[in-house]
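> Sequence first, then the predicted structure:
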Amino acid sequence: MSFLRPGIRIEEYRSDDSYVLRAELPGLDPARDVYVSCRRGLLRLHVHRSPHGDATRSEFHYGSAFRTVVLPVGAREDEVSATYVDGILEITVPVPGAAATEVAVTVAGPD
């Protein structure tokens, strides 16, 4: 059973020349329970939560959860960084030229 239903909740955005993915992962030990990998344009996040001791009652969900997202074209998989602060895992992937280009919208008049 996955401990996060329906899965790992994320948000993603572009910042300057980077793609940023943030995941809600409260209560985990990132050194032991969180695994991040990139390969062939895919970023994979795998987390595992184990029970702590012999609880007489628990409503926590334990086990593994996975999440895979497609990286933007040109992402530098060899330069990925990840930080974990206050239950939020933030993964940053450099993407040269990732900044959005503004496109003018032309409004057509009535014929």
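Yes, it's here. Residues are numbered from 1 along each chain as shown.
> where exactly do the strands run in this protein?
Applying DSSP state E to the chain gives strands spanning 10-15, 18-24, 34-39, 42-49, 63-70, 81-85, 88-94.
> Which of those strands sits closest to Ala104?
Set against Ala104 and scored by C-beta to C-beta, the strands of the chain come closest in strand 10-15, at 20.1 Å. For glycine as for every other residue, the C-beta is placed from the backbone atoms N, C-alpha and C.
> Give me the angle between the closest one and strand 63-70.
With axes from the mean of the first three to the mean of the last three C-alpha atoms, to 10 degrees applied, the angle from strand 10-15 to strand 63-70 works out at 30 degrees.
> name the helices or strands packed onto strand 10-15?
With contacts defined as 3 or more C-beta pairs under 8 Å, 6 or more residues apart in numbering; DSSP states H and E, strand 10-15 has these neighbours: strand 18-24, strand 63-70.
> number of nearby residues for Val20?
Neighbour count of Val20, defined by other C-beta atoms under 10 Å: 16.
> Mind putting the strands of the chain into TSV with mean pLDDT?
Supplementary listing: the strands of the chain in TSV, determined by pLDDT from 0 to 100:
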stretch	mean pLDDT
strand 10-15	92
strand 18-24	95
strand 34-39	94
strand 42-49	93
strand 63-70	91
strand 81-85	95
strand 88-94	95
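> can you tell which of the ones you listed is closest to Thr101?
Here strand 10-15 is closest among the strands of the chain (C-beta to C-beta), at 11.5 Å.
> That closest one to strand 42-49, inter-axis angle?
Using the same axes, to 10 degrees, strand 10-15 lies at 140 degrees relative to strand 42-49.
> Confirm for me that Leu42 is in contact with Leu71.
Yes: using C-beta atoms under 8 Å as the test, Leu42 is close enough to Leu71 to be in contact (6.7 Å).
> Can you say which of the helices and strands packed on strand 10-15 is packed in most?
Per-stretch averages of neighbours, counted by mean count of other C-beta atoms under 10 Å, single out strand 18-24 among these, with a mean of 19.
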